[in-house]
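> Okay, here's the prediction I keep looking at, along with the sequence it came from:
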Amino acid sequence: MLDATLQALLYPFLFLSLYFQIFLLLSFFEGKRKIKKEEHMKAGDSPTVTVAVPAWNEERTLASTIESLLRLDYPKDKLSILVVDDGSSDDTFAIARKYESMYPKLVKAITKENGGKHTALNLALSQSQSDLFGCLDADSFVAPNTLQTIVSYFQSNSEIMAVTPCIHIRHPRTFIQRMQAIEYLMGVFLRKVYGELDAIQVTPGPFSIFRREVFDTIGPYKKAHNTEDFEITLRMHKHKLKIANSHKALVYTIGPATAYGFFKQRVRWARGFLENALDYRELFFKKEYGNFGVLTLPMAFLFIFYGLYASIFSFYLLLSDFFARVSRWVTIGIHPRIPEFDLFYVNTNTMSFVAMIMLTLFLITLYIGNLLSDDRQQFYKNFPVFFVLYPVFVPFFMARAVFDTFTKRKNEWALQDNKKV
Amino acid sequence: MIDSKKYIFTFLITSAIFATAFFASTYFSNKRVAGIKQIQDNIAIDILSSETQFDLLKEVSCSNVSDSVLSQELSELGEKLSHTENERGTDDAEIIYLKKYYSLLEIKDYVLSKQLAAKCGVTKKPVFIIYFYSNLGDCVDCEKEGYVLTFLREKYPELRVYSFDYNLNLSAIDTMKKIYKISSSLPAIVIEDKTYTGFKTAEELEKLLPDTLREVVATTTVSTSTKKRAE
């Protein structure tokens, strides 16, 4: 009886999830012609661009990040790279200085006391006068045509105030990274559709580019619960500033390689999402904020709680089954049998039908995500890893984030991750 | 900014998918119940046939009665009924009806088997276990006892286990309870007309079973119908 009631509570969640999936797919196919057209846009005159590279103890990857920026197919007199060392204790600043001396007109290195990513970005912002301003995390790398592609969006529509790129995991090696490779593929699809719906959720640290007037209008970055990229997106929506996505602008980022690193990062992201969303709760269910206010933001918020519930319920079912098996083994010993297949025992309840449809739609969205990007991912190799591992992580980081949010707990260990911009 | 038509259209598609899933689920569930009814009808015919043969025994010899008169499908029926009960719930009217029917078939099978054994001698004497359980949450050991009986039935194919839901409102079951003096103390097991209450391990039950068990040739087995009984 209890099981049936708990299960019944999942139906509204399933309905909303399916609704959301269908809405996104419909929106994608509706905007497909426009998306195709975007692929042929060409940048005209090159506006001046500043790319800030905030770095805290990033000696291992900083050189590659700067090298990738130097390889950008963009007029060098229109580009400036501003490396901000946020009080590193390793050789980060020395590396930045080396590039400054090698490319004095292009690269500038500055150092400051450690204050968090938003302070590094704001320092860069105060020292730049360019038409466009962007950030590239010091563990991320751009493809040569990425900036040109992004600039073409600004030139195609003067209302576009920021452009987000297409992000992939760089050289996924460990199981955790291979899992993220598929997760990011989902992100490719979502960002594109959200862009079509004027509902982009976040302007991520790896190479989101803004018009300068964005900061003149809404002010600089804020600490924002250690997720300044999400907060600035919310602030842009609040001021009704348009954000687009360029699915052909490729950026690669190094995903956490270990389970602990991944868990830590996701707790910070999920908590940052929750706290910032609560700070901007006036956007919820307001028609004036479009699809973002009415659909995507409330859904993302709700899914954290419902997703947590669904995960806990699934975990409870698995545990019940496990204990029943253990009880059987303890009672009569282990007597393995070859299971016989009988169609009679195939699960045909409503939930399993809907779950099958949702899984199919999910695979379609991943497939579209992979098609959209110019760099196809190893889908068949990585999907099984994602399918097995991801559902194990989700309830844990969501539960921790919800717990920390509502207990106002300080998470120094999670903040460490943020300092490592 | 907001395309209301798309929101409504999406709602209609989602509702249609949910409705289709619901109807498909109901369709398959009904098919499943129809399958169970079909098996029950087959067993009823088997038993009626056996009874008719038994009546005829007065005129013919035992050698003319094959082992197959004893129902072969009760075991399969019990498992399928158990699965469906878990899926649809113990208070589903259709399931309760099927369980009553199943219990009656079990009793019929039991009575007929005993009569055949009495009439046709020791070589055809099967070994019976009658098991009373409850799945209302008031019998903590019933689930474990179910595992034990399933195990024993698999170990001794000639062992016939008849499981009865103590709480099923059926006069024939009440009569069985009276005959074997079954109180609400569950699980209760009847072996060789003696009643035992409380959880019994496989070893304890094996000791209570007659030594001839391994020598009995009968191959028919009977199963159960809820997860708390022997499956």
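It's in.
> so who does residue B:40 touch?
By C-beta atoms under 8 Å, 6 or more residues apart in numbering or on different chains, the contact list for residue B:40 reads B:77, B:98, B:101-102, B:105. (Each C-beta comes from the backbone N, C-alpha and C, glycine too.)
> Repeat the analysis, applying 6 Å as the threshold.
Going by C-beta atoms under 6 Å, 6 or more residues apart in numbering or on different chains, residue B:40 touches residue B:101.
> now do residue A:377
Contacts for residue A:377 (C-beta under 6 Å, 6+ apart) come out as A:181, A:185, A:370.
> so the second one touches residue A:366, yeah?
Pointing back at residue A:185 there. Yes. Under the criterion of C-beta atoms under 6 Å, residue A:185 makes contact with residue A:366 at 5.4 Å.
> Tell me which of those two has more neighbours.
residue A:185 (28 against 20; other C-beta atoms under 10 Å in any protein chain shown).
> Please tell me how far the more buried one sits from residue A:381.
Applying C-beta to C-beta, to the nearest Å, the value for residue A:185 to residue A:381 is 12 Å.
> Check residue B:80 too.
From residue B:80 across to residue A:381, the span is 41 Å (C-beta to C-beta).
> Looking at these two now, which is surrounded by more residues?
residue B:80 (22 against 12).
> quick one: contacts for the more buried one?
Residues counted as contacts of residue B:80 (C-beta under 6 Å, 6+ apart) are A:344, B:36.
> for it, phi and psi?
phi -70, psi -40 (degrees, to the nearest 10).
> ok, now residue A:304?
phi -60, psi -40.
> ok, so what distance separates the residue lying closest to it once chain neighbours are set aside from residue A:276?
Taking C-beta to C-beta, 6 or more residues apart in numbering or on different chains, and ignoring the residues beside it in sequence, residue A:304 has residue A:398 as its nearest neighbour in space, at 5.6 Å. According to C-beta to C-beta, residue A:398 stands 16 Å off from residue A:276.
> now residue B:205
In terms of C-beta to C-beta, residue B:205 sits 63 Å off from residue A:276.
> out of those two, which sits in the more crowded spot?
Applying other C-beta under 10 Å to residue B:205 and residue A:276 shows that residue A:276 carries more neighbours, namely 24 against 19.
> Wasn't that one part of a helix?
Yes. Using DSSP: H, G, I helix; E, B strand; the rest coil, the assignment for residue A:276 is a helix.
> correct me, but it touches residue A:230?
Yes. Between residue A:276 and residue A:230 there is a contact at 5.2 Å, judged by C-beta under 6 Å.
> in stretch A:329-345, what counts as buried?
By neighbour count with 16 or more other C-beta atoms under 10 Å in any protein chain shown, stretch A:329-345 contains the buried residues A:331-332, A:344.
> Over to stretch A:11-31?
Of the residues in stretch A:11-31, A:13-28, A:31 count as buried by neighbour count, 16+ other C-beta under 10 Å.
> which among those are in contact with chain B?
Within the set of the buried residues of stretch A:11-31, contact with chain B (C-beta under 6 Å from any C-beta of the partner chain) is found for A:18-19, A:22-23.
> Any chance of the residues you listed in CSV with pLDDT, secondary structure and distance to residue A:301 as columns?
As requested, those are exported to CSV (pLDDT from 0 to 100; DSSP: H, G, I helix; E, B strand; the rest coil; distance: C-beta to C-beta, whole Å):
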residue, pLDDT, secondary structure, distance to residue A:301
A:18, 96, helix, 18
A:19, 97, helix, 15
A:22, 97, helix, 20
A:23, 97, helix, 16
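> Quickly check these for the two that are furthest apart.
A:18 and A:23 (9.5 Å; C-beta to C-beta).
> pretty sure residue A:148 is in a helix, no?
Yes. Assessed with three-state DSSP, residue A:148 lies in a helix.
> Pull up the gap between it and chain B, please.
As judged by C-beta to the nearest C-beta, to the nearest Å, residue A:148 and chain B stand 30 Å apart.
> now swap in residue A:303 and tell me
In this view, residue A:303 and chain B are 16 Å apart by C-beta to the nearest C-beta.
> just the strands in chain B please.
Taking DSSP state E as the criterion, chain B carries its strands at B:127-133, B:159-165, B:188-191, B:194-197.
> Is residue A:264 within a helix or a strand, and which one?
Using DSSP states H and E, residue A:264 sits in helix A:259-279.
> quick one: secondary structure of the residue in the stretch 101-250 of chain A that chain B sits nearest to?
The nearest approach of the stretch 101-250 of chain A to chain B comes at residue A:198, 7.2 Å away (C-beta to the nearest C-beta). Put simply, residue A:198 is coil when judged by three-state DSSP.
> Go ahead and confirm it touches residue A:293.
No. Here residue A:198 does not reach residue A:293: they are 10.3 Å apart, not a contact under C-beta under 6 Å.
> circling back: in TSV, list the strands of chain B along with mean neighbour count and mean pLDDT.
Compiled in TSV, those are given as follows (neighbours: other C-beta atoms under 10 Å in any protein chain shown; pLDDT from 0 to 100):
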stretch	mean neighbour count	mean pLDDT
strand B:127-133	23	90
strand B:159-165	26	89
strand B:188-191	22	92
strand B:194-197	14	90
